[in-house]
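Peer 1: what's the 3D shape of this:
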Amino acid sequence: MKTKQIVLTSRPVGLPTLHNFRFEEVDLPEINKGEILLKGMFYSVDPYMRGRMNDAKSYAAPFPLDQPIMGAVVALVSESKSDMFKTGDVVVGSLPWRETFITSEKGVRKVDVSTIRPSYYLGVLGMPGLTAYFGLMRIGKPKEGETVVVSGAAGAVGVVVGQIAKIYGCHVVGIVGTDEKVKTLKEEFSFDEVINYKTAKDMRKAIADACPKGVDVYFDNVGGEISDAVISNINFHARVVLCGQISLYNATEVPMGPRIQPMLLTRSVLMQGFIVSNYQDLFLEGTQQLTEWVTQGKLKYTETVEHGFNKLPNALLGLFTGENTGKMVVEI
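Peer 2: Residues are numbered from 1 along each chain as shown. The predicted model follows:
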């Protein structure tokens, strides 16, 4: 059996391009006992993948050159030699960018798609949702009446963070890059204020106006000058959750910014970075809570869906130019 795959062919310098990827056709072996044959349904693209394209030490190993990109995939079991899965089951796992693939029965988990859209297991009920939940609840620790600011607020993580903060009675301010996203977050996701950083003349003042009581929790997805502006409005005993630095992922030089340590020191601010796997032992708790909020209608979600296996590289690159609202997925 032949299948198509997408491999990383070179290490990008700065912003990746389509030239860093190659499409190939490969033969699949026969299925052995304890294995299943899967057909991809939904493929996730996520900002962390940019870091894995570099040959640099990090919390996740670099993608090997000339090998398929790996990422979260929702797939359909089309043939099974496993006692754990049957044909027609829907599973999710970290899988290669292939249209069809064989994996061990231990490499995936079955998901319920009877009442939940399958792609949600890549978003609000997957890694982005868990990232939002644990980052905000374990580090941000929001309290009723506090002000929570979220950068990258229309992204897969940010849109969940803002809604959880609203569930806990906070004043929520989002930062985005288009007027359309401003409208979406206010009208559909109940953000109190949303700032378009591309049209704001003075970000520090814009944040001060949107946060008259200052900033108690800052969920940082982007870094750079936006974060400098938010931290200039930080309150005493505030918490800064370092989740992502997408504005810096494609930088070819280390940018110079304000020295924020004196402000963190004098205002007794906690700043903590994390990766979602830090809370792996608590994933069941997080998934159960997120699922409850989704089924109750307290937590809404949106996706940007590209169609066709060949669109995977384009979808990944689109993350770095803000083309997505909510989770970016590719549907086959």
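
Peer 1: Not counting the worst-scoring helix or strand of the chain on mean pLDDT itself, show me its contacts.
Peer 2: The weakest-scoring helix or strand in the chain, judged by mean pLDDT, DSSP states H and E, is helix 48-52 (a mean of 91). Here helix 48-52 makes contact (CB atoms under 8 Å, 6 or more residues apart in numbering) with 12, 16, 58, 60-63, 69, 71, 244, 249-250, 316, 320. Quick note: C-beta positions are derived from backbone N, CA and C, even for glycine.

Peer 1: which one of the residues you listed has the most neighbours?
Peer 2: The most crowded member of those, judged by other CB atoms under 10 Å, is residue 316 (27 neighbours).

Peer 1: Pull the number of nearby residues for the spatially closest residue to that one that is not a sequence neighbour.
Peer 2: Excluding the flanking residues, the one nearest residue 316 by CB to CB, 6 or more residues apart in numbering is residue 45, at 4.2 Å. By other CB under 10 Å, the residues close to residue 45 number 27.

Peer 1: mind exporting the helix or strand immediately after the least confident helix or strand of the chain in the chain as PDB, just the C-alpha atoms?
Peer 2: Sequence-wise, the next helix or strand downstream of helix 48-52 (DSSP states H and E) is strand 70-80. Taking Å, rounded to 0.1, in the frame of the first residue of the first chain, the C-alpha atoms of strand 70-80 are listed here in PDB:
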ATOM      1  CA  MET A  70       5.000  14.600  13.600                       C
ATOM      2  CA  GLY A  71       1.900  16.200  15.200                       C
ATOM      3  CA  ALA A  72      -1.500  15.600  16.800                       C
ATOM      4  CA  VAL A  73      -3.900  13.800  14.400                       C
ATOM      5  CA  VAL A  74      -7.400  12.500  14.700                       C
ATOM      6  CA  ALA A  75      -7.700   9.400  12.600                       C
ATOM      7  CA  LEU A  76     -10.200   6.700  11.600                       C
ATOM      8  CA  VAL A  77      -9.300   3.000  12.200                       C
ATOM      9  CA  SER A  78      -9.700   1.400   8.700                       C
ATOM     10  CA  GLU A  79      -8.100  -2.000   9.700                       C
ATOM     11  CA  SER A  80      -7.300  -3.500  13.100                       C
END
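
Peer 1: strand partners of strand 70-80, parallel vs antiparallel please.
Peer 2: strand 35-44 (antiparallel), strand 90-96 (antiparallel) (DSSP bridges).

Peer 1: Would you mind giving these as JSON lines with distance to residue 294 added?
Peer 2: Listed next are these as JSON lines, based on distance: least, CB to CB, whole Å:
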{"stretch": "strand 35-44", "distance to residue 294": "17"}
{"stretch": "strand 90-96", "distance to residue 294": "16"}
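
Peer 1: Could you dump those strands into JSON lines with distance to residue 264 and mean neighbour count added?
Peer 2: Shown next, in JSON lines, are those (distance: least, CB to CB, whole Å; neighbours: other CB atoms under 10 Å):
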{"stretch": "strand 35-44", "distance to residue 264": "34", "mean neighbour count": "23"}
{"stretch": "strand 90-96", "distance to residue 264": "35", "mean neighbour count": "19"}
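
Peer 1: would CSV of those strands with distance to residue 220 and mean pLDDT be doable?
Peer 2: Putting the strands paired with strand 70-80 into CSV (distance: least, CB to CB, whole Å; pLDDT from 0 to 100) gives the following:
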stretch, distance to residue 220, mean pLDDT
strand 35-44, 22, 98
strand 90-96, 25, 96
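
Peer 1: tell me the helices in the protein, going along the chain?
Peer 2: Along the chain, counting by DSSP state H, helices occupy 48-52, 127-134, 158-167, 179-188, 203-210, 224-231, 261-266, 283-296, 312-318.

Peer 1: now for those, which one comes closest to residue 114?
Peer 2: Nearest to residue 114 among the helices of the chain is helix 283-296; the distance by CB to CB comes to 11.9 Å.

Peer 1: Enumerate the positions of the closest one that are buried.
Peer 2: Neighbour counts over helix 283-296 (16 or more other CB atoms under 10 Å) mark 286, 287, 289, 290, 291, 293, 294 as buried.

Peer 1: Surely the second one touches residue 125?
Peer 2: Yes - between residue 287 and residue 125 there is a contact at 6.1 Å, judged by CB atoms under 8 Å.

Peer 1: ok now do residue 36, which residues does it touch?
Peer 2: 77, 79, 80, 81, 82, 85, 91, 102, 103, 105, 108.

Peer 1: out of those, which are buried?
Peer 2: 77, 79, 80, 82, 85, 91, 102, 103, 105, 108.

Peer 1: excluding its backbone neighbours, what's nearest the first one?
Peer 2: Once flanking residues are discounted, residue 77 sits nearest to residue 89: 4.4 Å by CB to CB, 6+ apart.

Peer 1: And for the fourth one?
Peer 2: Sequence neighbours aside, residue 105 is the residue nearest to residue 82 in space, at 3.9 Å (criterion: CB to CB, 6+ apart).
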